[in-house]
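*Asks:* build me a structure from this.
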Amino acid sequence: MRLVALIENQVIGHLASGPHGHPRFTYAPDWQQSKSAIPLSLNLPLSKEHHPTEAVSAVLWGLLPDNEATLQRWASRFQVSPRNPLALLSHVGEDCAGAVQFVTEARLEDVLSGASDGIEPLTDDELEARLRRLRQDVGAARQVDDVGQFSLAGAQAKIALLHDGQQWAIPAGRIPTTHILKPPSGEYDGFVENELFCLRLARSIGLPTAAAQALRVGAETAICVKRYDRIPVDGVLLRIHQEDTCQALGVMPHIKYQNQGGPGVEAISQLLWTHSSQPRQDVETLFQALVFNYLIGGTDAHAKNYSLLLGQHRQVRLAPLYDLSSALPYPQLQQRKLKMAMSIGSHYRWWDIRPSDWMRVAGTLRLDASECLAWMRWTVSALPDRAQELLAELSREGLAHPVLNVLVGEIAGACSRLCKLLPSG
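*Replies:* Residues are numbered from 1 along each chain as shown. Model prediction:
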């Protein structure tokens, strides 16, 4: 099996099965020599002819759902192995995270020419039914007769769709999806409202985040996230390339948590210092995101939830934050036992993290400790009021849930606790 990799409707390389079924990726010579070339991954540099199997595998698996039920469902539907990323991407690889499209050789001409372009509009009833199925079954993101071929990474139930300003639709060919819809998690009440609140709260203190809103369709609710890797230019939707930091570091998604061998603060910051076009600004944003996740009890901020935008002329920037949520409103999770996805200083356990740990993080990130402390003091002072204001704002928008009231109180408590521990300025 061989797949053609496209970026901006240009052939950038080929993906094939090597000995023992291991994936191999080679860049097209014309793409390697192009001044506007973008690498598929920072871990697959354009200058190299051959790439390690482990690096290629990390990139491919990072494009697929990190959910065994979904992979099994797709494998059964397409009659392929759930452990074969090439086979899976041959069916779902035409709309991935970032700018890349993986296209079979049989479909290549139709995709390049636009002959396969199309959209299948969804009525409100059809969208409601899809969200209901997805809420009930994480593996139900696709239907048998879907024309589009899209893949979303991560473990949550979600679906990628196009919104053209008037209607929801399933796109095909060169036409990209524009939004990601995530229905509630059955395990945690109010999770849609929780995630939306955390995204909006982060934005309120100046952190770059994906734009999000609540979507109600009939009896179903979902968080609707606008894709930052899709932008309109002169009336045409363009894909912007990106990868998560696991992919960029050659780490398989199933070891995304640091305590399982995944990347931590140091590895991600080193990636930014090495590759970012604005390294200090991006590393400062990383520090601020770490502090924010601590204050909201964001225990799922692992390396796959930090991404990089890759542009022409070696432009690399930290992507807007996404998948922000809080564990604090859920008493069954027991706050004193909560663990962060990455070690903060010498601690994973949320309750045990102290200012000395944050100073260690500042040192690891090569940032000025006094500036980091000043930002933390401002944040613990400002965040409780911002949370209260946001709660009122969402209520005016018709979005209310008891979990948000609990969350606002818990955030105030976390800020108060850290404020008492911080040295005075």
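
*Asks:* specify the local secondary structure of residue 424.
*Replies:* The three-state assignment at residue 424 reads coil, by DSSP: H, G, I helix; E, B strand; the rest coil.

*Asks:* my guess is residue 246 contacts residue 252. True?
*Replies:* Yes. Look at residue 246 against residue 252 with Cβ atoms under 8 Å: they come within range, at 7.3 Å. In short, each C-beta sits where N, CA and C put it, glycine included.

*Asks:* in stretch 349-363, what counts as buried?
*Replies:* Using 16 or more other Cβ atoms under 10 Å as the test for burial, stretch 349-363 gives 350, 353, 357, 358, 359, 360, 361, 362.

*Asks:* the third one and residue 344, how far apart?
*Replies:* Look at residue 357 and residue 344: by Cβ to Cβ, to the nearest Å, they are 5 Å apart.

*Asks:* now the helix or strand harbouring residue 348, how far from the chain's geometric center?
*Replies:* According to DSSP states H and E, residue 348 maps onto strand 347-349. From the chain centre to the centre of strand 347-349 is a distance of 23 Å (Cα atoms, centre = their mean, to the nearest Å).

*Asks:* on contacts alone, who are the packing partners of the host helix or strand of residue 169?
*Replies:* In this structure, residue 169 sits in strand 168-172 according to DSSP H and E. Counting contacts by 3 or more Cβ pairs under 8 Å, 6 or more residues apart in numbering; DSSP states H and E, strand 168-172 packs against strand 118-122, strand 159-163.

*Asks:* what's the very next helix or strand once past the first one in contact with?
*Replies:* Using DSSP H and E, the helix or strand that follows strand 118-122 in sequence is helix 124-136. Outside of helix 124-136, the residues within contact range by Cβ atoms under 8 Å, 6 or more residues apart in numbering are 122, 140-141, 143, 157-159, 161, 168, 181, 183-184, 186, 217-220, 222.

*Asks:* now with 7 Å?
*Replies:* Identification of contacts with helix 124-136 by Cβ atoms under 7 Å, 6 or more residues apart in numbering yields 140-141, 157, 159, 168, 181, 183-184, 217-220, 222.

*Asks:* let's have those in TSV, adding secondary structure, distance to residue 27 and pLDDT.
*Replies:* Output for these, formatted as TSV (DSSP: H, G, I helix; E, B strand; the rest coil; distance: Cβ to Cβ, whole Å; pLDDT from 0 to 100):
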residue	secondary structure	distance to residue 27	pLDDT
140	coil	36	58
141	coil	30	55
157	coil	35	83
159	strand	32	93
168	strand	36	98
181	strand	34	96
183	coil	38	91
184	coil	42	86
217	strand	42	95
218	coil	47	95
219	coil	48	93
220	strand	43	93
222	strand	38	92
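
*Asks:* out of the residues you listed, which comes closest to residue 323?
*Replies:* Distance to residue 323, by Cβ to Cβ, is smallest for residue 157 among the contacts of helix 124-136, at 12.9 Å.

*Asks:* surely the closest one touches residue 183?
*Replies:* Yes. Shown here, residue 157 and residue 183 form a contact pair, counting by Cβ atoms under 7 Å, at 5.9 Å.

*Asks:* these two - which one has more neighbours?
*Replies:* Between residue 157 and residue 183, counting by other Cβ atoms under 10 Å, residue 157 is the more crowded of the two (27 against 24).

*Asks:* next, count neighbours for residue 316.
*Replies:* So residue 316, with other Cβ under 10 Å, has 24 neighbours.

*Asks:* tell me the contacts of it?
*Replies:* Going by Cβ under 7 Å, 6+ apart, residue 316 touches 275, 276, 277, 308, 310.

*Asks:* so which bits of the helix or strand where residue 72 lies are buried?
*Replies:* Using DSSP H and E, residue 72 sits within helix 68-78. The neighbour-count check on helix 68-78 (16+ other Cβ under 10 Å) flags 70, 71, 73, 74, 75 as buried.

*Asks:* so who does the fourth one touch?
*Replies:* Contacts for residue 74 (Cβ under 7 Å, 6+ apart) come out as 88, 92.

*Asks:* so for it, what's the pLDDT?
*Replies:* On the pLDDT scale, residue 74 is placed at 90.

*Asks:* poorly predicted segments of the chain, please.
*Replies:* Within the chain, the stretches with pLDDT under 70 are 138-155, 425.

*Asks:* max-length helix in it?
*Replies:* The helix that spans the most residues within the chain, counting by DSSP state H, is helix 369-396.

*Asks:* and the chain, what are its domain boundaries?
*Replies:* Split into domains by automatic domain parsing, the chain comes to 2-178, 241-421.

*Asks:* out of the ones you listed, the one nearest residue 207 is which?
*Replies:* domain 241-421 (6.0 Å).

*Asks:* how about residue 289: what's its closest non-neighbour residue?
*Replies:* Leaving out its chain neighbours, the residue that sits closest to residue 289 by Cβ to Cβ, 6 or more residues apart in numbering is residue 321, at 5.7 Å.

*Asks:* show me the contacts for residue 185.
*Replies:* Neighbours of residue 185 in contact, by Cβ under 7 Å, 6+ apart: residue 191.

*Asks:* would you confirm that it belongs to a helix?
*Replies:* No. Using three-state DSSP, the secondary structure at residue 185 is coil, not a helix.

*Asks:* residue contacts, residue 215?
*Replies:* Each residue near residue 215 by Cβ under 7 Å, 6+ apart is listed here: 181, 222, 224.

*Asks:* correct me, but the first one touches residue 226?
*Replies:* No. Between residue 181 and residue 226 no contact is recorded; they are 10.8 Å apart, counting by Cβ under 7 Å.

*Asks:* these two: who's more crowded?
*Replies:* Counting neighbours by other Cβ under 10 Å for residue 181 and for residue 226 shows that residue 181 has the greater number, 24 against 14.

*Asks:* dig out what the nearest residue in space to the more buried one that is not next to it in sequence forms beta bridges with.
*Replies:* Leaving aside its chain neighbours, residue 181 sits nearest to residue 222 (4.5 Å; criterion: Cβ to Cβ, 6+ apart). Note on residue 222: beta-bridge partners by DSSP bridges are residue 215.

*Asks:* part of a helix, is residue 399?
*Replies:* No. Applying three-state DSSP, one finds residue 399 to be coil, outside a helix.

*Asks:* going forward can the numbers begin at 32, since that is how I track them
*Replies:* All set: I'll call the first residue 32, so the last point we hit is now residue 430.

*Asks:* distance check, residue 345 against residue 269.
*Replies:* From residue 345 to residue 269 the distance is 19 Å (Cβ to Cβ).

*Asks:* same question for residue 237.
*Replies:* Counting by Cβ to Cβ, the separation of residue 237 from residue 269 is 27 Å.
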